[in-house]
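Asker: requesting a structural model of the entry that follows:
(2 chains)
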Amino acid sequence: MDYKKLADLLYPDVDKTIDYYLNKYPKRNLPENAEVMRIAPSPTGYLHTGHAYSAFISRATTKKTNGVFYFRLEDTDQKRLIPNAGTIAYDMLCYYDMKPDEGYTGDNRPQIGNYGDYIQSKRLDIYKCFAKYLVSIGRAFPCFCEKSENKEDILFKRQEQIENSGTIEDKDVCRNLTYEQIEQNIKDKKPFALKLLSCGDINKTFKFHDLIKGNREIRENTKDIVLVKSNGIPPYSLAHVVDDTLMGTTIVVRGEEWFPSLSAHLEIFNAFGFKPPKYAHTPVICKLDENGNKRKLSKRKDPEADVRYFIEQGYPVDSVMEYLLNLLNSDFELWRKNNPSLSYKDFDFKIEKIGSNNPMFDFNKLNDVSKNYISKLNKDQVYEKLTTWANVYDKNFYNIITKDGNYTKSVLNIDRENPKPRKDIAKWSEVKTKFDYMFDLFNPKSKKDYNLEDVDIEKFKEVCLSYIKVYNENDDKQIWFNKIKEMAQNLGYATDNKLYKQNPQNFKGNVSDVCMYIRIALTGKKDSPDLYSICQILKKQDVIDRLKKVEIV
RNA sequence: GGCCUUAUGGUCAAGAGGUUAAGACGCCGCCCUCUCAAGGCGGAAUCACGAGUUCGAUUCUCGUUAAGGCUACCA
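Answerer: This is a model prediction of the structure:
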């Protein structure tokens, strides 16, 4: 077969050679060990937590090596496009402090860099040229078979084939078409998909080094995979090879689910005579499903699969990134312990330290990481971050807390800015329910507005009403507590924990019960931060009013 | 069905041919204490199973099992 003639038959309007493009995008001028990496999501949904996970690897590695981190939009699946998804993905990346140096920046926004276009659907001429080249060297052929319309059909046919023959035939029937047959099909205007003419031997293997998985032995590819779909758009395989070559990618970070198709991709690189990039196949973040099985985080079922979920919930950026870093490099935890005040960005991230099994998403751990992070912030930082969040996600609360910023800060500063700060906030959405009583959100109308479970109502009222008489907002903490003890004693409560424990029947209760009654009157809850601080922040009249109000129960 | 990958407590995991098998989250208990949170101290809980190699295997090899992935003109 005259492959050059075939190439011209299939792609008569391609006038450029691959050398034209190879020369158009010369090698980048970068330091010797600099890595060029990319995030290349397809705009078929919103940015996945797994994307953030792998983006982190690329962002950290390129920063460390003074390389380039770029964004390429892989919009070759026209059927599944979701409007605006690319823009949101880019914005999310920036939000999480992983702004790319180069590439796509959103729909209708200018692209950055000299290796574009960074949107695959705008590179169709380039792909066509490379496809033509493969035909011209006899490594690709047209397939005129009718394509299966949906996944169910494909699965059904495959099942049928397995049952009939026991194997799936890799070599495509159309690879045996003669030039004349092809010519006739073209004349008949039959659409075709271009397929790789695989030269692999199923019994041969080759050695391969993956940055995460280490040394592997891989079977040669034998599949005549599709290089260009019948609509003229290449699927991932060809686009990956062409783009990452032209854009100078040195390390490809992608999920482990790509590992089985690696040998096919390498065969394409090989057919072109291109040097493939290094690969890092990452584990996939999973969760436990209803049946107790591990499964991939799913966009449809799991809210935490969408990075926007964490924003809506009010998890700080640093919390989420630190959590992901925990999954990525297990020695991060020790580093964090030894460097409590540094940013996670100062950690020396290493690709080789990534574990090779699929981690489960653990909210407990995320919350812990986040509580630690928030506990180290000062009141101004907390205020700033909280109000920024509330401004978008809880406008009503925003209006309340910004009415008097200093007041809000004093609330947020209870047990903060000290060596052993409170760690009770994991996300901003919790502040409202935890501190409602400090923000006019606690207005008891009846008994049920207080948490009075297992509480003796008579004692409760007695304590609160007597406390009105002794409360003085000018008392310091010691005097304040002494007065409570004194009152407790007068009312028949114990003021010594040990004495009380020895003979509880001799007392109405302990001084802790007295404090609990006051706490319930002021906050409605049995649990709260330091009562004295709360009294200090509430105005005197407010304290008195709340104590008086217990009459309603 | 075929192929690929993985297997250390509930979760994240360190680890090495000989260890009392780190650490973190979570859980439980105690201390502190006006409650909670924090802090301090302590506890329960792990090498998937079966062979082989070896003086010795959780670690190496081979099987088995389980889970995940791929097997699309999706990425």
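
Asker: quick one, grab the pLDDT at A:Lys287.
Answerer: Looking at A:Lys287, its pLDDT stands at 86.

Asker: identify the residues contacting A:Asp107.
Answerer: Residues in contact with A:Asp107 (C-beta atoms under 8 Å, 6 or more residues apart in numbering) are A:84, A:86-87. (Each C-beta comes from the backbone N, C-alpha and C, glycine too.)

Asker: same deal with A:Arg308?
Answerer: Applying C-beta under 8 Å, 6+ apart, the residues contacting A:Arg308 are A:46-47, A:88, A:92.

Asker: wait, is A:Ala488 part of a strand?
Answerer: No - A:Ala488: not assigned to a strand; according to DSSP: H, G, I helix; E, B strand; the rest coil it is helix.

Asker: how near is it to A:Val463?
Answerer: Distance, A:Ala488 to A:Val463, by C-beta to C-beta, to the nearest Å: 8 Å.

Asker: now do the shared contacts for the two.
Answerer: With C-beta under 8 Å, 6+ apart, A:Ala488 and A:Val463 have common neighbours A:Val514.

Asker: more neighbours, the two?
Answerer: Using other C-beta atoms under 10 Å, the more surrounded residue of A:Ala488 and A:Val463 is A:Val463, with 27 against 24.

Asker: does that one touch A:Cys515 like I think?
Answerer: No - using C-beta atoms under 8 Å as the test, A:Val463 is too far from A:Cys515 to be in contact (9.1 Å).

Asker: sorry, back to before: what's the closest of the contacts of A:Arg308 to RNA strand B?
Answerer: Using C-beta to the nearest atom of the strand, A:Leu47 comes nearest to RNA strand B of the contacts of A:Arg308, at 12.0 Å.

Asker: show me what contacts A:Ile351?
Answerer: A:57, A:61, A:211-212, A:251, A:280.

Asker: most neighbours, which of the contacts of A:Asp107?
Answerer: That'd be A:Gly86 among these, by other C-beta under 10 Å, with 25 neighbours.

Asker: from RNA strand B, how far off is that one?
Answerer: 12 Å (C-beta to the nearest atom of the strand, to the nearest Å).

Asker: on that earlier part again, among the contacts of A:Ile351, name the buried ones.
Answerer: Buried members of these, counted by 16 or more other C-beta atoms under 10 Å: A:57, A:61, A:211-212, A:251, A:280.

Asker: determine which two of these are furthest apart.
Answerer: Spatial extent of the buried ones among the contacts of A:Ile351 (C-beta to C-beta) is set by the pair A:Thr61 and A:Ile212 at 12.0 Å.

Asker: need the helices for the stretch 101-250 of chain A, in chain order.
Answerer: Using DSSP state H, counting those that start in this stretch, the helices of the stretch 101-250 of chain A run over A:124-136, A:151-165, A:179-187, A:236-246.

Asker: wait, A:Leu491 touches A:Ser466, no?
Answerer: Yes - using C-beta under 8 Å, A:Leu491 is in contact with A:Ser466, at 6.5 Å.

Asker: coming back round to it: from the contacts of A:Arg308, which land in helices?
Answerer: Judged by DSSP state H, the subset of the contacts of A:Arg308 located in helices is A:88, A:92.

Asker: of the contacts of A:Arg308, closest to A:Glu417?
Answerer: A:Met92 (31.7 Å).

Asker: which pLDDT value belongs to that closest one?
Answerer: At A:Met92, the pLDDT value in this model is 95.

Asker: test my guess that it contacts A:Asp306.
Answerer: No - the pair A:Met92 / A:Asp306 is not scored as a contact, 9.1 Å apart, by C-beta under 8 Å.

Asker: what do these two both touch?
Answerer: Listed as contacting both A:Met92 and A:Asp306 by C-beta under 8 Å, 6+ apart are A:46-47.

Asker: picking that back up, take the contacts of A:Asp107 and lay them out in a markdown table including distance to A:Asn270 and pLDDT.
Answerer: Output for these, formatted as a markdown table (distance: C-beta to C-beta, whole Å; pLDDT from 0 to 100):
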| residue | distance to A:Asn270 | pLDDT |
| --- | --- | --- |
| A:Asn84 | 38 | 92 |
| A:Gly86 | 31 | 95 |
| A:Thr87 | 36 | 96 |
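
Asker: closest to A:Lys16 among the residues you listed?
Answerer: Proximity of those to A:Lys16 (C-beta to C-beta) peaks at A:Gly86, which lies at 27.2 Å.

Asker: in a strand, the closest one, correct?
Answerer: No - secondary structure of A:Gly86 (three-state DSSP): helix, not part of a strand.

Asker: quick one, what contacts it?
Answerer: A:41, A:43, A:73, A:75, A:104, A:106-107, A:119.

Asker: now these in CSV, with pLDDT and distance to A:Lys447?
Answerer: Output for those, formatted as CSV (pLDDT from 0 to 100; distance: C-beta to C-beta, whole Å):
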residue, pLDDT, distance to A:Lys447
A:Pro41, 94, 54
A:Pro43, 92, 54
A:Leu73, 96, 59
A:Asp75, 94, 60
A:Tyr104, 97, 59
A:Gly106, 96, 55
A:Asp107, 94, 56
A:Ile119, 97, 63
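
Asker: neighbour-wise, which one of the contacts of A:Arg308 leads?
Answerer: A:Leu47 (25 neighbours).

Asker: so that residue touches A:Cys94, yeah?
Answerer: No - between A:Leu47 and A:Cys94 there is no contact under C-beta under 8 Å: 10.8 Å.

Asker: show me the contact partners of stretch A:266-273.
Answerer: A:18, A:130, A:133-134, A:137, A:139, A:196, A:198-200, A:208, A:220-221, A:227, A:237-238, A:241, A:245, A:275-276.

Asker: for stretch A:480-490, same thing?
Answerer: Against stretch A:480-490 from outside (C-beta under 8 Å, 6+ apart): A:463, A:466-467, A:470-472, A:475, A:494-495, A:511, A:514-515, A:518, A:532, A:535.

Asker: 6 Å - rerun?
Answerer: A:466, A:470, A:495, A:511, A:514, A:532 (C-beta atoms under 6 Å, 6 or more residues apart in numbering).

Asker: could you list the domains of chain A?
Answerer: With domains defined by automatic domain parsing, chain A comprises A:3-16+A:123-282, A:380-552.

Asker: nearest to A:Ser319, of the ones you listed?
Answerer: Of all these, domain A:380-552 comes closest under C-beta to C-beta, at 7.6 Å.
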